[in-house]
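*Asks:* A predicted structure for the sequence below; I have some questions about it.
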Amino acid sequence: MRRLHSGQASVFVLAMVASLVTAFAVSFGAGQLVNDKMRLVNAADAAAYSAAQWEARSLNFQSYLNRAIVANEVAIAQLVSLRSWSSYVATLTQNGAAVARWIPPLAGPVQTLERGWHAVDSSLQAVAPGLEAGISAWNVDVLATAEALAHQQALLGAADLVGEVAHANEPRARVNEATRLLQVRNGAQWQNQFTDRYRRGGGDLRRFVDLLMKSRDGFTRSRRSGISVPLVRVARRGGTDLLAEHSWRGLDTLSVHVDLLVNSVEIPIGWGAAETRSRTVTQRGEHGGSLSSNPAASRRALRGLRPSGLYRGVPEIRDVITPSRQEERRLRYAVALQIPESEILTPDRLLMPNGVRGPDGLVHSLAVTMPAGGVHAQSAAEVYFQRPSPRPDGRHEFPSLFSPYWQARLVAVTADERQLTAPGKGLTVDPYALLP
């Protein structure tokens, strides 16, 4: 009887060990699957943030280019102002020398001053137009072109970063069709819904013209002074204005106004003008009040004006769409990644790829069910505008491509983005949920 019952305990021990091994394999495999999911989530976060950061840096680069264009346009205005002022001084000294001939003690010094300044003015009028043309060409051909290229390449660079960063964080990560759908939406927002190019003749470029006018320094904006005594007023007026996107024109005048009983008589003493333009403009500027205060001297200055035609006009730049709409601007970038089921090597898939035969005689798979053919993860980031510190004047600064304060941060994935990337209908498990 003892021999008949020997070895029965071994069968139960083997069955128990098999059950424990199976349970351990299933638990360990599920843990590995969760670990893969978290690694993929981190890779998606890194990819979305990197792409958004790339776009933010592109916007900041374009902002620096816009600032450089503004600085160069102001430099052109300064050169025109210097030429106009120099021409005014040359006329003033010439008229002074003509009067000083009748005053022997003053004739020699004034004539020497007139000849010396004439030489200075001749050199300046010969050299400055070439400098103005070079700066204008640099703005149009180099800076504005670089800005356009930066805008076009940013989208391609962001898309390339998604794949590179995802692979660096998780080599098995794949950019699937869902990400391509998201990238179409990301590209549409970047190209058509966030920034636009200011075109000549449009209202937005006129806003840029206004910005350039406000960016002039004090000497360029207004060169005015004067004294007044009973019945006599001496008015010094001058300034340089940007006219119709095509011309920087400077005007300087000095006149004596004698107030009579019924009207005022203007006696022009000095006048000068300078202009660099891409085409003839009929618009009149303020020029520091020269046209209104000293009309006779202004007419003489404009009659003697010899414009330089080497200016290329105000460059066409980029800025946020409808900059007059003062509101916060945010640009989203969404990413979806996948680890294919064939590359997820959990212990149950390695050791028991064909499953195990149960007590019922049927073969049962121990693999964890994976919706949509693998492990999936989705992430989103946004580009936003924020100053690193408040403005000194306490005013709120709205987003634009003139201040390099664009940043990136991770944000929650929206329901629309999940719906867009859904691989099919009727799924009972969300493949983009945090856990598999």
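*Replies:* Received, thanks.

*Asks:* alpha carbons only for contacts and neighbour counts from here, please
*Replies:* Noted.

*Asks:* Identify each of the helices in this structure and give its residue range.
*Replies:* 8-100, 104-137, 144-169, 177-192, 203-214, 218-221, 290-293, 295-303, 347-351, 415-421 (DSSP state H).

*Asks:* for stretch 195-211, which positions count as buried?
*Replies:* Residues of stretch 195-211 classed as buried by neighbour count (16 or more other C-alpha atoms under 10 Å): T195, D196, Y198, R200, D204, L205, R206, F208, V209.

*Asks:* just how off-centre is that stretch within its chain?
*Replies:* 15 Å (C-alpha atoms, centre = their mean, to the nearest Å).

*Asks:* likewise stretch 65-84?
*Replies:* How far stretch 65-84 lies from its chain's middle: 21 Å, per C-alpha atoms, centre = their mean.

*Asks:* Tabulate the CA atom coordinates of that stretch in PDB.
*Replies:* In PDB, the C-alpha atoms belonging to stretch 65-84 read as follows (Å, rounded to 0.1, in the frame of the first residue of the first chain):
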ATOM      1  CA  LEU A  65      15.700  90.000 -36.500                       C
ATOM      2  CA  ASN A  66      12.800  92.400 -36.300                       C
ATOM      3  CA  ARG A  67      14.600  94.400 -33.700                       C
ATOM      4  CA  ALA A  68      17.700  94.500 -35.900                       C
ATOM      5  CA  ILE A  69      15.600  95.700 -38.800                       C
ATOM      6  CA  VAL A  70      14.100  98.500 -36.600                       C
ATOM      7  CA  ALA A  71      17.600  99.500 -35.400                       C
ATOM      8  CA  ASN A  72      18.900  99.600 -39.000                       C
ATOM      9  CA  GLU A  73      16.000 101.600 -40.300                       C
ATOM     10  CA  VAL A  74      16.600 104.100 -37.500                       C
ATOM     11  CA  ALA A  75      20.300 104.200 -38.500                       C
ATOM     12  CA  ILE A  76      19.200 105.100 -42.100                       C
ATOM     13  CA  ALA A  77      17.000 107.800 -40.700                       C
ATOM     14  CA  GLN A  78      19.900 109.100 -38.700                       C
ATOM     15  CA  LEU A  79      22.100 109.300 -41.700                       C
ATOM     16  CA  VAL A  80      19.400 111.100 -43.700                       C
ATOM     17  CA  SER A  81      19.000 113.500 -40.700                       C
ATOM     18  CA  LEU A  82      22.700 114.100 -40.700                       C
ATOM     19  CA  ARG A  83      22.800 114.900 -44.400                       C
ATOM     20  CA  SER A  84      19.800 117.200 -44.100                       C
END
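
*Asks:* If we go by neighbour counts, what in that stretch is buried?
*Replies:* For stretch 65-84, burial by neighbour count (16+ other C-alpha under 10 Å) applies to 65-67, 69-84.

*Asks:* re earlier: mean pLDDT lowest where, among the helices of the chain?
*Replies:* Mean pLDDT is lowest for helix 347-351 out of the helices of the chain, coming in at a mean of 58.

*Asks:* measure the residue nearest to the spatial centre of the chain to E147 for me?
*Replies:* The chain has L59 as the residue nearest its centroid, 3.1 Å off, counting by C-alpha atoms, centre = their mean. Going from L59 to E147 by C-alpha to C-alpha, to the nearest Å gives 9 Å.
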